[in-house]
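Visitor: sequence unknown, structure follows:
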């Protein structure tokens with residue numbers, strides 16, 4: 001169960017469905033004399049989510065004004081050349097200063113926009129180093145008047161979100177300069193983990209809990225404790241559920257879930273233990289981890305974890321550093337301490353696959369506006385060559401506004417130009433239909449400038465060998481037993497001692513974009529039937545997510561450790577099994593750090609290289625396909641997440657599920673249809689190119705040798 005509620009190639013990217021994309025201002029339309037309308041800046045939630053109220057005019061809004069790049073087409077072409085194997089510019093990277101001199105708004109342009117904002121009563125804060133965003137603050141009524149729009153509060157997916165109701169209007173003098181605003185429409189990034197500070201740079205020994213601006217300065221507490229219910233196995237199939245009845249259509253006895261894989265098991269299964277032992281362990285490479293907030297126990301927990309589970313590779317203080325904001329906000333809206341588990345999982349799984357790499361943790365102020373600024377900090381400062389992001393906006397490919405996508409995509413293009421690899425978890429709710437009634441990928445994973453990482457179910461044997469790897473898509477069936485009669489839906493005295501019907505639970509995020517055309521590097525590999533999913537809407541094939549995958553299934557996930565709050569109101573270090581594509585992205589980030597060290601050069605934007613490698617050497621990837629016979633395993637969970645006092649749930653977990661999924665809205669209206677993501681030979685929309693195969697590190701390191 002979920003532990004906590006959670007909230008290229010490139011030059012060929014064009015307009016899809018009338019929406020603007022990155023590398024420049026959103027299309028402007030004529031308005032009244034002397035003004036222009038920034039198309040696509042209204043929230044796509046308008047017409048999809050009901051209004052629950054107006055935004056109080058006196059409420060203060062903090063958001064960013066987004067400025068467009070100079071010569072956006074030239075920026076796209078440059079990134080394409082630098083990232084495409086065989087091109088004479090391949091891996092001939094720019095510095096941040098070189099990129100900004102060629103493509104960022106000029107100081108004079110920034111000053112022009114700033115002057116207009118101030119003249120309309122908007123307080124101007126800091127300007128990003130690359131000049132593409134300006135932090136601003138103003139009362140809602142001032143914002144509505146300045147941009148000739150209205151703001152509303154709308155209900156969507158169980159949350160109330162602020163939306164821009166009409167496209168923003170600005171003076172004609174700002175045409176080509178202002179793209180729109182990000183953060184004005186609320187987009188709440190959520191960690192893709194299946195679990196229910198001091199300012200400036202902080203070294204490992206001084207990582208602290210920054211105060212929260214809007215709760216009286218109280219530090220954020222640790223998350224509530226979670227314990228893995230027994231039985232569970234040390235490896236896949238170590239324990240069999242012989243006492244449980246067979247689940248209809250599946251072999252019996254089922255294996256019990258694992259207790260959580262250790263770093264050595266993961267390195268062995270993915271064939272990188274030899275790389276690590278021979279010295280290709282990521283040494284000299286810095287991996288940046290970007291999340292919201294920061295656990296004050298992040299480093300100490302990671303040290304204790306490595307001491308207990310990987311004593312030959314204890315995380316050193318010299319390997320860890322952090323960049324933190326002076327304060328945090330929106331902690332209730334963002335489920336702040338729910339991000340702590342994300343952070344520990346990220347740090348510990350990166351270190352598991354790249355035990356020699358340096359880790360830079362960058363904590364954002366919140367999950368609303370802060371994450372973009374954290375990305376800019378790393379990219380502008382060239383603080384790392386690999387970035388892993390285990391978060392995203394659910395359905396964001398469809399529901400994030402054009403200005404938000406432009407702001408992020410421009411940062412991603414700058415990262416590519418500088419040789420920085422950016423990875424994003426693809427999400428944990430499959431095609432998102434079961435949670436929303438809509439099927440669309442998350443954003444930023446759908447951006448054609450990042451590597452979207454999907455999830456698998458990995459079976460590791462007694463000797464550390466990969467027994468099998470399937471697509472992560474899970475259906476869950478509860479066992480009906482006396483304590484759960486009348487508690488679990490359908491569990492009655494007449495169904496006692498039987499399995500209840502299985503229902504889709506969660507799985508690797510993916511699907512075809514509603515916003516981006518199919519990048520040229522996907523064309524030779526992605527089946528037309530997959531890329532053409534939205535062809536009836538747009539008339540062109542579109543970008544498909546994910547690109548590559550690694551293990552994510554929480555039933556056979558990673559053994560991680562963190563400080564948690566226990567029922568006796570004390571906190572201490574604890575270990576438990578965890579998963580989600582929040583695990584697959586940092587796992588692969590570590591593997592790519594190993595490959596970068598082996599290559600002796602940053603790998604940059606990975607997708608063109610990965611898809612090219614797939615066409616030349618598909619054996620570098622493990623082809624994730626369906627099980628030859630229906631596969632399932634057994635798992636138990638405590639009813640209260642902590643101990644057996646409130647009962648133990650017994651479950652069948654169906655592996656690589658591709659059957660029906662159901663969405664029910666708040667009124668009880670339900671719709672059912674089959675999961676749209678599937679696995680099969682070659683590229684598929686559940687796992688992309690597949691998982692790392694034998695020799696993956698060497699293959700990636702030697703792929704597309706740069707031209708002199």
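Guide: Noted; the coordinates are in hand. Since the structure is predicted, the reported quantities are computational estimates derived from the model, not experimental observations. Residues are numbered from 1 along each chain as shown.
Visitor: please make it C-alpha for all contacts and neighbour counts, starting now.
Guide: Will do.
Visitor: what stretches of this structure score poorly on pLDDT?
Guide: 1-33, 193-217, 705-708 (pLDDT under 70).
Visitor: tell me where the longest strand sits in it.
Guide: Counting residues, the longest strand found in the chain (DSSP state E) is strand 451-460.
Visitor: and the helices in the stretch 1-150 of the chain, which stretches?
Guide: Assigned by DSSP state H, counting those that start in this stretch, the stretch 1-150 of the chain shows helices spanning 72-83, 96-103, 107-119, 140-147.
Visitor: what is the burial count for residue 244?
Guide: As a burial measure, residue 244 scores 18 neighbours (other CA atoms under 10 Å).
Visitor: thinking again about what came up before, closest one to residue 450 among the helices of the stretch 1-150 of the chain?
Guide: Closest to residue 450 of the helices of the stretch 1-150 of the chain, according to CA to CA: helix 72-83, at 11.7 Å.
Visitor: so in terms of bridging, what pairs with the nearest residue to residue 632 once chain neighbours are set aside?
Guide: Once flanking residues are discounted, residue 632 sits nearest to residue 654: 4.3 Å by CA to CA, 6 or more residues apart in numbering. With DSSP bridges as the criterion, residue 654 is bridged to residue 475, residue 632.
Visitor: all strands for the stretch 201-350 of the chain, in order.
Guide: 286-292, 320-324 (DSSP state E, counting those that start in this stretch).
Visitor: just checking: what are the partner strands of the last one?
Guide: Meaning strand 320-324. Next to strand 320-324 in the sheet, as set by DSSP bridges, lie strand 200-203 (antiparallel), strand 358-364 (parallel).
Visitor: again with the longest one
Guide: The strands beside strand 286-292 in its sheet (DSSP bridges) come out as strand 358-364 (parallel), strand 386-389 (parallel).
Visitor: looking at it, residue 671 is touching residue 438, isn't it?
Guide: No: counting by CA atoms under 8 Å, residue 671 stays clear of residue 438, with 10.7 Å between them.
Visitor: mind checking which of the strands of the stretch 201-350 of the chain is nearest residue 298?
Guide: Nearest to residue 298 among the strands of the stretch 201-350 of the chain is strand 320-324 (10.0 Å), distances taken as CA to CA.
Visitor: that older thread, tell me which other helices or strands whichever helix or strand comes after the longest strand of the chain touches.
Guide: Per DSSP states H and E, strand 451-460 leads on to strand 466-471 as the next helix or strand towards the C-terminus. If contacts are counted by 3 or more CA pairs under 8 Å, 6 or more residues apart in numbering; DSSP states H and E, strand 466-471 sits against strand 451-460.
Visitor: any idea of the angle the strand it packs on forms with strand 466-471?
Guide: 140 degrees (axes from the mean of the first three to the mean of the last three CA atoms, to 10 degrees).
Visitor: tell me which residues of stretch 222-237 are tucked away?
Guide: 222-226, 228-229, 231-237 (16 or more other CA atoms under 10 Å).
Visitor: same deal with stretch 679-697?
Guide: Under the neighbour-count criterion of 16+ other CA under 10 Å, stretch 679-697 has 679-680, 682-697 buried.
Visitor: ok so, going back, and the furthest pair within the buried residues of stretch 222-237?
Guide: 222 and 237 (33.5 Å).
Visitor: mind listing what residue 58 touches?
Guide: 139-141 (CA atoms under 8 Å, 6 or more residues apart in numbering).
Visitor: that'll do, ta.
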